[in-house]
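*Asks:* Output the structure for:
(2 chains)
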Amino acid sequence: MSSPALDLGPARRAARERIRVPRASGLFRLVSPIVLLLLWQAASSSGLLPERLVASPVKIARTAVGLTTAGTLPDAIMVSLQRVAIGFAIGAAAGVVLALAAGLSRLGENAVDPPMQMLRALPFYGLIPLFILWFGIGETPKVALVALGVAFPLYLNTFAGIRSVDGRLTEAGRVLRLSRTALIRHVILPGALPQTLVGLRQSLGVAWLALIVAEQVNADSGLGWMINDAREFMRTDVIVVGLVVYSALGLLTDAFVRLIERRALAWRRAFQPA
Amino acid sequence: MATSLPTRVASTGGSARAASTRSFTRSFGDRTILDRLDLDIEHGEFVALLGRSGSGKSTLLRALAGLDPETDGELTVEGTVSVAFQEPRLLPWKRVIDNVALGLNGPAAKAKAHRALEEVGLGELGGAWPLTLSGGEAQRASLARALVREPGLLLLDEPFSALDALTRITMHRLVLDLWTRHGHGDPAGRERLSVLLVTHDVDEALLLADRVLVLREGRIAYESRVAAERPRRPHDLGTLRAELLEQLGVEEGTP
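*Replies:* Next comes the predicted model:
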């Protein structure tokens, strides 16, 4: 990806080229994973690795195709994605709004920050029993757990981002007679954005973890349910398919954040398009 | 600690001077940085303010810029004040032209910003990100941002001290050029650009200013007109240079 419509002089373009780290070619990087897969398959085929511990790669691939064509896997993915999306939206909105309130005014900081810092210390997976008591065993406790997990990293990072905006820049803004609203919009929020995106990335990671935990505890649909159900029948192939899908979804959301970063932080000199 | 409210009058026209202070005082705790300072800057005048580190130069500049609410005494500034700081302080997330247009209103803002960039020789770089600019280019953009608001008083806070020697020479010429160009808009002299250059470089002050002030212990300790025609060469002004260095506590070795 090239940075849009920006004509750097040839000298500076050359300087950018120089910083670029030489990359190993994609194919070369695939060698060791393939070797590991082959070893795994060999161990399974020779009986060294029994299926009740873990199924062979070939079996897992077949199961994945079977689950997909039967519709089980797509259904489970949709259910899980929906939980993450709703939980993430609620948690992210709460985290960012609270961070703005705390970051932009002293009063807000005194009101919001102490309770947030205290709640942050709670091991929030430990809240599951309470959530079940409060919300039952439907969708609500799962979504709530995701929302809670998402809110904190976003809150902490956005708050820190707002507070770490270079004071010399806000001073320059004041000299330019920017109104408070304009100062927030042009100086403070863009200045806090890099740190907010760090928080976004952390919070998406937490979102998937929270979902996995919530779905293991009790669920009658979704990826976690599919995995749990498979355990009862010792279907290690289905379990591994579920895990692979979890990690693929995690990677996908991470790539999504990187795409946002690439666009929103294009001004950074250190930024190098992949 | 100053307790009374400062008198800060931002008058809109008709006053005789671009800026003036009377009994202007600023203390930090027990330390008095500016001590009953009286200063006048005439319309269209280029004043250089010299002083050692800690003499209160920057404190005075911040007060004139309206960045310091805790002062005593009287301070009058006519019209708009702009500042170019030692570091260019461009917002890295806004392209150069948007930095210059920041705070301007109306549909003509971009066009005005573009003209200001052309004036400092950066007409081509409006679309660049600030972090890709060289030190000199960034300082030019900062000057364009200061001048685009058509200030009556331009405050320069050691804006050339972080630049290399060659770039500094070019920037000196540019500032003089801009000051001349913005200095003759109105024959009555009201809209003429006044400049207050804060620096610790004696040669720079002699090269650029109509009047050189030395700030010491919170007061104007020395003041001199620089009568020589521009463009000047600092060594034409040997006597004044030696005197200024002495005022700043620098002993010149015998040649």
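*Asks:* Select the longest helix from the chain.
*Replies:* The chain I'm using is chain A. helix A:72-104 (DSSP state H).
*Asks:* Sorry, I should have been clearer: chain B.
*Replies:* Per DSSP H, chain B has its longest helix at helix B:165-181.
*Asks:* what packs against that helix?
*Replies:* helix B:135-147, strand B:194-199, helix B:202-208 (3 or more C-beta pairs under 8 Å, 6 or more residues apart in numbering or on different chains; DSSP states H and E). Every residue, glycine included, has its C-beta placed from N, CA and C.
*Asks:* dump the residue contacts of the closest residue to A:A214 other than its chain neighbours.
*Replies:* Nearest residue to A:A214 in three dimensions, chain neighbours excluded: A:K142, at 4.0 Å (C-beta to C-beta, 6 or more residues apart in numbering or on different chains). By C-beta atoms under 8 Å, 6 or more residues apart in numbering or on different chains, A:K142 lies in contact with A:83, A:87, A:211, A:214-215, A:219.
*Asks:* Does A:V217 touch A:G126 like I think?
*Replies:* No. Applying C-beta atoms under 8 Å as the test, A:V217 and A:G126 come out as separate, 11.9 Å apart.
*Asks:* between the two, who's got more neighbours?
*Replies:* Counted by other C-beta atoms under 10 Å in any protein chain shown, A:V217 and A:G126 do not tie: A:V217 has more neighbours, with 17 against 8.
*Asks:* tell me the contacts of B:S82?
*Replies:* Contacts of B:S82 (C-beta under 8 Å, 6+ apart): A:175, B:145-147, B:149, B:151, B:153-155.
*Asks:* Tell me which helix or strand it sits in.
*Replies:* strand B:81-84 (DSSP states H and E).
*Asks:* low-scoring stretches of the stretch 1-150 of chain A, by residue?
*Replies:* Within the stretch 1-150 of chain A, the ranges that satisfy pLDDT under 70 run A:1-25.
*Asks:* Could you pull out the strands in it for me?
*Replies:* Here the stretch 1-150 of chain A has no strands by DSSP state E, counting those that start in this stretch.
*Asks:* For it, just list every one of the helices.
*Replies:* A:10-19, A:26-45, A:57-70, A:72-104, A:106-120, A:128-135, A:139-163 (DSSP state H, counting those that start in this stretch).
*Asks:* just the ones you listed: most buried one?
*Replies:* Ranked by mean neighbour count, those are led by helix A:139-163 with a mean of 23 (mean count of other C-beta atoms under 10 Å in any protein chain shown).
*Asks:* Quick one: work out the angle between that helix and helix A:128-135.
*Replies:* Counting by axes from the mean of the first three to the mean of the last three C-alpha atoms, to 10 degrees, helix A:139-163 lies at 110 degrees to helix A:128-135.
*Asks:* relative to helix A:72-104, how tilted is helix A:139-163?
*Replies:* Helix A:139-163 and helix A:72-104 are oriented at 40 degrees to each other (the same axes, to 10 degrees).
*Asks:* nearest residue to A:V79 other than its sequence neighbours?
*Replies:* In space, A:V79 is closest to A:G222, 4.2 Å off (C-beta to C-beta, 6+ apart).
*Asks:* what about that neighbour, how many residues close to it?
*Replies:* 26.
*Asks:* can you check B:P151 too?
*Replies:* B:P151 has 20 nearby residues by other C-beta under 10 Å.
*Asks:* same deal with B:H43?
*Replies:* Residues lying near B:H43 (other C-beta under 10 Å) number 22.
*Asks:* cool, A:R180 as well?
*Replies:* With other C-beta under 10 Å as criterion, A:R180 counts 11.
*Asks:* Also B:P107?
*Replies:* Counted by other C-beta under 10 Å, the residues lying close to B:P107 total 6.
*Asks:* now do A:S203
*Replies:* There are 25 residues near A:S203, going by other C-beta under 10 Å.
*Asks:* Checking my notes, it in a helix, right?
*Replies:* Yes. Assessed with DSSP: H, G, I helix; E, B strand; the rest coil, A:S203 lies in a helix.
*Asks:* Could you pull up the residues touching it?
*Replies:* A:88, A:91-92, A:95, A:149-154.
*Asks:* now, the most widely separated pair of those?
*Replies:* A:F88 and A:F152 (12.8 Å; C-beta to C-beta).
*Asks:* ok, the closest residue to B:V148 other than its chain neighbours - contacts?
*Replies:* Counting by C-beta to C-beta, 6+ apart, B:V148 lies nearest to B:A116, which is 3.9 Å off, once chain neighbours are set aside. By C-beta under 8 Å, 6+ apart, the contact list for B:A116 reads B:100, B:144-145, B:147-148.
*Asks:* ok, now with 10 Å
*Replies:* B:A116 is in contact with B:97, B:100-101, B:104, B:122-123, B:126, B:141, B:143-150, B:178, counting by C-beta atoms under 10 Å, 6 or more residues apart in numbering or on different chains.
*Asks:* Give me the distance between it and chain A.
*Replies:* 13 Å (C-beta to the nearest C-beta, to the nearest Å).
*Asks:* got the CA coordinates for the one helix or strand that residue maps to in CSV?
*Replies:* Element membership for B:A116 (DSSP H and E) is helix B:109-119. Extracted in CSV, the C-alpha atoms of helix B:109-119 (Å, rounded to 0.1, in the frame of the first residue of the first chain):
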residue,chain,number,x,y,z
ALA,B,109,-9.2,29.8,4.5
LYS,B,110,-7.4,27.3,2.3
ALA,B,111,-6.6,29.8,-0.4
LYS,B,112,-5.2,32.2,2.2
ALA,B,113,-3.1,29.4,3.7
HIS,B,114,-1.8,28.5,0.2
ARG,B,115,-0.8,32.1,-0.4
ALA,B,116,1.0,32.2,3.0
LEU,B,117,2.9,29.0,2.1
GLU,B,118,3.9,30.5,-1.3
GLU,B,119,5.1,33.6,0.5
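*Asks:* Just the buried residues of that helix, please?
*Replies:* B:109, B:112-114, B:116-117, B:119 (16 or more other C-beta atoms under 10 Å in any protein chain shown).
*Asks:* Can you report the mean pLDDT over the residues of it?
*Replies:* In this model, helix B:109-119 has an average pLDDT of 94.
*Asks:* now stretch B:78-97
*Replies:* Rounded mean pLDDT across stretch B:78-97 is 94.
*Asks:* what does stretch A:160-177 give?
*Replies:* 95.
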